[in-house]
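K.L.:
Mind folding the following:
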Amino acid sequence: MLGKSGTEVLISVNGQRQATLTEREQSLQELTSSVVAGKTDEGKQRAYAALAKGNTHGEVLDAIVEAANIVSDLHEVGQYDEEKISAVENAVAACLQILEEWLTKSERRFGLKVTVGPVGLKSGVLMSVAVSASLRSVGFQSTSLSKTQTALDLLRNSEELDADLVIPILSSDGDQHIRNFAEAYERGGFRNKFEVIPIAPGLPDGVQTSLSFARNSGEAVSKATQWALKNKRMKDQA
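P.N.:
From the prediction side, this is the model:
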């Protein structure tokens, strides 16, 4: 039975009232708000509450990642200091721990190793952890190299970890950073060792590059998934 909005009431199941769609959405919004505020304990409570109201693990993860994206953008323009960022990082880590069992099961899908790391990005730890969790959720064995580093350091560390795919997170000044990363990738002889999909949010249209880049974390995860499926088909046909 539907209420005035068409989504406000759901029929009870086995005599138990189910959370309405509105309540489920609100619980996710409350989770995002708690993480944005850097409230670790409240964030954990909101994550548990969102799951209890019928949201999927993926929906809860999306709410956490949304918070990380919001804070990262605010930090880039100077609205979050290091103390606030640290609080948000702790809240994200605590909420992701609730999803750890689900993430561990999900990451077995492709059998491919991915490394994620920031290059010249202020809020590198936060975004690296969030993107890595998203990759795990769709089937990758992802490792967050969260400390901000140079392009060459990220590539070398990824090589040591025997990565199949590397996702560097570049700063909003994406044009120059992606050119520098492409140069390090080519000159360092890494092209035959692993694929790369840089996240370059500030990259303008029409920039010529040898790399397949993404403008946000969601696009990067989508491109990585497409690459993995293509890789799997090629192996199956071999």
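K.L.:
what about dumping the CA coordinates of the one helix or strand in the chain whose mean pLDDT sits lowest to PDB?
P.N.:
The helix or strand of the chain with the lowest confidence, counting by mean pLDDT, DSSP states H and E, is helix 174-187 at a mean of 82. Output of helix 174-187 as PDB, limited to C-alpha atoms (Å, rounded to 0.1, in the frame of the first residue of the first chain):
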ATOM      1  CA  GLY A 174      44.500  17.300 -14.100                       C
ATOM      2  CA  ASP A 175      46.000  18.500 -17.400                       C
ATOM      3  CA  GLN A 176      49.700  18.700 -16.300                       C
ATOM      4  CA  HIS A 177      49.500  15.900 -13.800                       C
ATOM      5  CA  ILE A 178      48.200  13.400 -16.400                       C
ATOM      6  CA  ARG A 179      50.900  14.400 -18.800                       C
ATOM      7  CA  ASN A 180      53.500  13.900 -16.200                       C
ATOM      8  CA  PHE A 181      52.000  10.600 -15.200                       C
ATOM      9  CA  ALA A 182      51.800   9.400 -18.800                       C
ATOM     10  CA  GLU A 183      55.500  10.300 -19.300                       C
ATOM     11  CA  ALA A 184      56.600   8.400 -16.100                       C
ATOM     12  CA  TYR A 185      54.500   5.400 -17.200                       C
ATOM     13  CA  GLU A 186      56.000   5.300 -20.700                       C
ATOM     14  CA  ARG A 187      59.600   6.100 -19.900                       C
END
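K.L.:
Which strands and helices lie in contact with the helix or strand just after that helix?
P.N.:
Downstream of helix 174-187, the next assigned helix or strand under DSSP states H and E is strand 195-196. With contacts taken as 3 or more Cβ pairs under 8 Å, 6 or more residues apart in numbering; DSSP states H and E, strand 195-196 sits against strand 165-170. In this view, the C-beta of every residue, glycine as well, is placed from N, C-alpha and C.
K.L.:
Point out the other helices and strands that the strand it packs on packs with.
P.N.:
Using 3+ Cβ pairs under 8 Å, 6+ apart: strand 165-170 touches strand 113-119, helix 124-138, helix 151-160, helix 174-187, strand 195-196, helix 217-237.
K.L.:
Select, out of the ones you listed, the one closest to Ala50.
P.N.:
helix 124-138 (15.3 Å; Cβ to Cβ).
K.L.:
in the chain, which residue is closest to the centre?
P.N.:
In the chain, the C-alpha nearest the mean C-alpha coordinate belongs to Val131, at 2.1 Å (Cα atoms, centre = their mean).
K.L.:
quick one: that residue and Arg187, what's the gap?
P.N.:
For Val131, the distance to Arg187 equals 25 Å [Cβ to Cβ, to the nearest Å].
K.L.:
Work out the gap between the helix or strand harbouring Ile85 and the centre of the chain.
P.N.:
Element membership of Ile85 [criterion: DSSP H and E] is helix 82-98. Taking the mean of its C-alpha atoms, helix 82-98 sits 14 Å from the chain's own mean (Cα atoms, centre = their mean, to the nearest Å).
K.L.:
could you give me the average pLDDT of that helix?
P.N.:
The predicted model assigns helix 82-98 a mean pLDDT of 95.
K.L.:
Could you give me the buried positions within it?
P.N.:
Across helix 82-98, burial judged by 16 or more other Cβ atoms under 10 Å covers Lys84, Ile85, Ala87, Val88, Glu89, Ala91, Val92, Ala93, Ala94, Cys95, Leu96, Ile98.
K.L.:
Check the closest residue in space to Gly120 that isn't next to it in sequence and give its pLDDT.
P.N.:
In this structure, Gly120 finds its nearest non-sequential neighbour in Ser171, 4.7 Å apart by Cβ to Cβ, 6 or more residues apart in numbering. Ser171 is assigned a pLDDT of 77 by the prediction.
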